[in-house]
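Trainee: Dropping a prediction and its sequence here:
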Amino acid sequence: NYKPFFFTGNSDSNIRIWDAENFRQISILKGSRSSINKIIMDEKSGNLISASEDKNIISWNTEYEKILRKFRGHKSGVTCLSIHPTLNLLASGSRDNTVRIWDLRVRKELVILKQHQNEITSVIFNQETPHLVSSSRDSKICLWDMIAFRCKNFLILHPYGIKETKLHPTEFMFASLCSGLLCLWRADGHISWKSIIFKDVKLFSFKNCDELVTLKYSGWIRFYKKKRNSGQFYSKYGFSPFNRKQKRFFTAMEFNHDYSTLVLCDKMGKIVVYK
């Protein structure tokens, strides 16, 4: 009887849960006091964890639609979250320039990681090893050892602040985006490839192991495919579904689990779904 679902958050401080088959709203979670910046799912417990502009991180029980726990500590809005699947660790990044690590078993803060000089834009755990990748608007990527809780490497290649960082869906790699430059890195911090063809790109997402999709500020969506025996990508096709009057300020872009559906969310609370 399990039905696939997805969840969205917006500036109205509410989290909405949607049926992924017919795109109808299932329920709404109320209790945050400010804009929702990030939502992730704890696969072990089935609970949602949200980060908001009110400096709080909240764990939600979706079945009973209630707050289970609030994690407090950041001095400014929380922008990003990540959970390690086996270590029971939660990482959070904030506009206060810090990354905080939380123990989900005892629900307490373990350590504050201070290496960035600007807002944290992404935190992603390596799912296979005890390592964390953090990126910031200071143009720096940090690779963290989660056993010693120390920074083991700095990656400085982007000329401007990093917008977001994402794990590759199958390979032991991650990608980072700043204005005009998209880089793919190996887990050890060595660059796999870089491309400057991604000018004016606001968001990106991997479609599968050898394809990715980008969204420009103009609303133009373009799909790229990786060349054989090469790390470079070439433009496959693109389309612009919105005219100038319909231009939207998108804040998130993700594929579903089988990459058959692309979901876009904008600042006005609207959701656009493409098959």
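Mentor: All right, it came through fine.
Trainee: And the contacts of the helix or strand bottoming out on mean pLDDT in the chain?
Mentor: Least confident helix or strand, the chain: strand 191-198 with a mean of 78, by mean pLDDT, DSSP states H and E. Here strand 191-198 makes contact (C-beta atoms under 8 Å, 6 or more residues apart in numbering) with 157, 173, 177, 180-186, 204, 214, 230-233, 235. For the C-beta atoms, the positions are set from N, CA and C on the backbone; glycine is no exception.
Trainee: Mind doing that once more with 7 Å?
Mentor: Residues from elsewhere that reach strand 191-198 (C-beta atoms under 7 Å, 6 or more residues apart in numbering): 157, 173, 180-186, 214, 231-233.
Trainee: Show the subsequent helix or strand relative to that strand.
Mentor: strand 201-208 (DSSP states H and E).
Trainee: Now that next one: buried residues?
Mentor: Using 16 or more other C-beta atoms under 10 Å as the test for burial, strand 201-208 gives V201, K202, L203, F204, S205, F206, K207.
Trainee: cool, and stretch 94-108?
Mentor: Neighbour-count burial for stretch 94-108 [16+ other C-beta under 10 Å]: S94, R95, D96, N97, T98, V99, R100, I101, W102, L104.
Trainee: likewise stretch 146-163?
Mentor: Within stretch 146-163, judged by 16+ other C-beta under 10 Å, the buried ones are M146, C151, L155, H158, G161, I162, K163.
Trainee: Which one of the buried residues of strand 201-208 is nearest to S135?
Mentor: For the buried residues of strand 201-208, the residue nearest S135 by C-beta to C-beta is F204; the value is 13.3 Å.
Trainee: What average pLDDT does stretch 118-134 get?
Mentor: The average pLDDT for stretch 118-134 rounds to 92.
Trainee: And for it, what's in contact with it?
Mentor: Against stretch 118-134 from outside (C-beta under 7 Å, 6+ apart): 79-85, 87, 91-95, 97, 99, 116, 135-138, 141-147, 161-167, 174, 187.
Trainee: Are any of those residues buried, and if so which?
Mentor: For these, buried by 16+ other C-beta under 10 Å: 79-84, 87, 91-95, 97, 99, 116, 135-138, 141-144, 146, 161-167, 174, 187.
Trainee: thinking again about what came up before, using PyMOL, make a named selection holding only the buried ones among the contacts of strand 191-198.
Mentor: Buried residues among the contacts of strand 191-198 (16+ other C-beta under 10 Å), as a PyMOL selection:
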select buried, resi 173+181+182+183+184+185+214+233
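Trainee: now, which of the contacts of strand 191-198 lie within strands?
Mentor: Applying DSSP state E to the contacts of strand 191-198, the entries found in strands are M173, G180, L181, L182, C183, L184, W185, R186, T214, F233.
Trainee: ok, those vs R24, which is closest?
Mentor: Using C-beta to C-beta, T214 is the member of the ones in strands among the contacts of strand 191-198 that lies nearest R24, at 29.2 Å.
Trainee: Touching, the closest one and V201? I think so.
Mentor: Yes - using C-beta atoms under 7 Å, T214 is in contact with V201, at 4.6 Å.
Trainee: For stretch 268-275, which outside residues touch it?
Mentor: T8, N10, D12, F23, R248, S260, T261, L262, V263, L264, C265.
Trainee: again, only this time at 8 Å
Mentor: Contacts for stretch 268-275 (C-beta under 8 Å, 6+ apart): 8, 10-12, 18, 23, 221, 241, 248-249, 260-266.
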